[in-house]
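**Student:** fold the following and give me the result.
(2 chains)
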Number of protein chains: 2
Amino acid sequence: MISVVILGSGNVATHLIHAFLKIDSIHLKQVYTRNLTDVASLKSTVPTINDLSLLEQADITIIAVSDDAIAAISSNIKNSLVVHTSGTVEMNALNNSGNKGVFYLLQSFSKEKEVDFTNIPICLEAENKNDLIKLEKLASLLQGTIYHLSSIQRKKIHVAAVFVNNFTNHMYAIAHDICEDHDVPFNILQPLIQETSQKIKNLTPKQAQTGPAKRNDTETIKNHLNLLSKTQQELYLKITQSIQDHGKKL
Amino acid sequence: MISVVILGSGNVATHLIHAFLKIDSIHLKQVYTRNLTDVASLKSTVPTINDLSLLEQADITIIAVSDDAIAAISSNIKNSLVVHTSGTVEMNALNNSGNKGVFYLLQSFSKEKEVDFTNIPICLEAENKNDLIKLEKLASLLQGTIYHLSSIQRKKIHVAAVFVNNFTNHMYAIAHDICEDHDVPFNILQPLIQETSQKIKNLTPKQAQTGPAKRNDTETIKNHLNLLSKTQQELYLKITQSIQDHGKKL
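**Tutor:** Sure, this is the predicted structure:
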């Protein structure tokens, strides 16, 4: 049995709470949030508090609040092992008096969409071996895939995640605009979108790269630019340039 | 029974040939290519020729060669219905004496990876209803999803495809570089990559957009820039700007 308390009511906190409640060998003792109405639906399943002085001791105390609130909230916690769930905040930004650690889930969470924790990468950091073992146990109970990352590695991976998630989604958004402007359903692109993400399960992105930028097809690039709006053109040119520069690297 | 001949030995030609050979009600009569060694492996299954004057008549003649070779090769063909498979070339670029059409498969093809034709979007264009029916029949036999696109719509979709395929893959490539530079396996990003592409099956890209650019989190953006190389920074800034401009649109 492993006991946890969670601070927060955002996406990550919410998904963790629901995952913990389903696992028998995890005892979710309390959920703290400033505004109890945010967690009103939990009331019957787990004690909720909005006063940090009421926080109980637990094997692992998880701070899942916004990045800029982590330092302040942690300074009021006296529990033995306190971890945050941020991709960008250093472990040492925690100001609690006890031990520190990180429990970062590398996945995109939306409140409206249920998350399958199986194989979710869980990036762990701790100050000592014993704490790391506790975090590994919790990550295993969630059936995540465990990675040990330092604070600097985690920050770098968080930027990489922005490229594959936020920026990729923006590529979809531009394509969506183009479809809409010409009365073509966006769904026409779904098989290509899925194939593009499937392909790199077996090929490196460099091996998978195709298209006019890669083969330096200036005629097609010129034709494409003529079909785009000014802001789309700028983006097209910058990414095309980046693909060509990238191709020159070993 | 529908009879076809194919001109070409590239990715699209190769995948079409193999698909056609598996379907009983399609009779692949001939494959033309300039260099017969490219299609040597086909010899036992279908007649191969490298002399256009030997080309036989067929219900549909498919030109699956590079874009800039379509006009020239088509001017030597007298068959009844001649189509090309390009996303960017107009139907009227065909110079054959008979009827013209387009049979464009909106998917990314690699020689090394087998393609499942089921539900592949097949974009059709023809000069008359009868020809369109012939092309629809062929597309149905391949179990593709049929779209009727004009030449201008097809060109636009081809640019949209560059965004969701080539440019998205480049986002993966940058992330791959970041992982490699910091000794983190690229596979840590696979669940996020798959989730990102799955998400837009049910949400529009605009609804699915998250991240520091979207929420105008200048502190995180600044921190991210500090972690990137100069060329990565330029790309990061341009896409961040584009996300922010996009968010302002209705």
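**Student:** list the buried residues in stretch A:183-203.
**Tutor:** A:184, A:186, A:188-200, A:203 (16 or more other Cβ atoms under 10 Å in any protein chain shown). C-beta coordinates here come from the backbone N, C-alpha and C atoms, glycine included.
**Student:** which of those residues fall within helices?
**Tutor:** Members of the buried residues of stretch A:183-203 lying in helices (criterion: DSSP state H): A:190, A:191, A:192, A:193, A:194, A:195, A:196, A:197, A:198, A:199.
**Student:** got the contact list for the last one?
**Tutor:** Taking Cβ atoms under 8 Å, 6 or more residues apart in numbering or on different chains as the criterion, residue A:199 is in contact with A:208, B:108, B:110, B:113, B:169.
**Student:** list buried residues within these.
**Tutor:** Buried among the contacts of residue A:199 (16+ other Cβ under 10 Å): A:208, B:108, B:169.
**Student:** which element is the last one on?
**Tutor:** Spelled out, it's residue B:169. helix B:168-181 (DSSP states H and E).
**Student:** for the record, mean pLDDT for that helix?
**Tutor:** If you average the pLDDT over helix B:168-181, you get 97.
**Student:** quick one: it near chain A?
**Tutor:** Yes - judged by Cβ under 8 Å from any Cβ of the partner chain, helix B:168-181 and chain A are in contact via B:168, B:169, B:170, B:171, B:172, B:173, B:174, B:175, B:176, B:178, B:179, B:181.
**Student:** which one (most neighbours) among the residues you listed?
**Tutor:** Most neighbours among those, by other Cβ atoms under 10 Å in any protein chain shown: residue B:168, with 30 neighbours.
**Student:** related to what we said a few turns ago, angle of the helix holding residue B:169 against helix A:190-199?
**Tutor:** Following axes from the mean of the first three to the mean of the last three Cα atoms, to 10 degrees, one obtains 20 degrees for the angle between helix B:168-181 and helix A:190-199.
**Student:** off-centre distance for helix B:168-181?
**Tutor:** 22 Å (Cα atoms, centre = their mean, to the nearest Å).
**Student:** same question, stretch A:116-135
**Tutor:** Counting by Cα atoms, centre = their mean, stretch A:116-135 comes out at 15 Å from the chain centroid.
**Student:** and it, anywhere near chain B?
**Tutor:** Yes - counting by Cβ under 8 Å from any Cβ, chain B is contacted by stretch A:116-135 at A:119, A:120, A:121, A:123.
**Student:** same deal with stretch A:6-19?
**Tutor:** No - with Cβ under 8 Å from any Cβ as the criterion, chain B is not reached by stretch A:6-19; the gap is at least 9.1 Å.
**Student:** what comes up buried for that stretch?
**Tutor:** Here stretch A:6-19 shows A:6, A:7, A:8, A:9, A:11, A:12, A:13, A:14, A:15, A:16, A:17, A:19 as buried, counting by 16+ other Cβ under 10 Å.
**Student:** closest one of those to chain B?
**Tutor:** residue A:11 (9.1 Å; Cβ to the nearest Cβ).
**Student:** got the residue ranges for the helices in chain A?
**Tutor:** Counting by DSSP H, the helices of chain A are A:11-21, A:70-74, A:129-141, A:151-161, A:168-181, A:190-199, A:205-208, A:218-226, A:230-248.
**Student:** now residue A:48: how far from chain B?
**Tutor:** 26 Å (Cβ to the nearest Cβ, to the nearest Å).
**Student:** pLDDT below threshold where in chain A?
**Tutor:** A:250 (pLDDT under 70).
**Student:** in JSON lines: the buried ones among the contacts of residue A:199, plus distance to residue A:147.
**Tutor:** Shown next, in JSON lines, are the buried ones among the contacts of residue A:199 (distance: Cβ to Cβ, whole Å):
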{"residue": "A:208", "distance to residue A:147": "23"}
{"residue": "B:108", "distance to residue A:147": "30"}
{"residue": "B:169", "distance to residue A:147": "24"}
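**Student:** my read is that residue A:90 contacts residue A:149, right?
**Tutor:** No - under the criterion of Cβ atoms under 8 Å, residue A:90 is not in contact with residue A:149, lying 11.7 Å apart.
**Student:** stretch A:209-219 and chain B, are they touching?
**Tutor:** Yes - applying Cβ under 8 Å from any Cβ, one finds stretch A:209-219 in contact with chain B at A:209, A:210, A:211, A:212, A:213, A:214, A:219.
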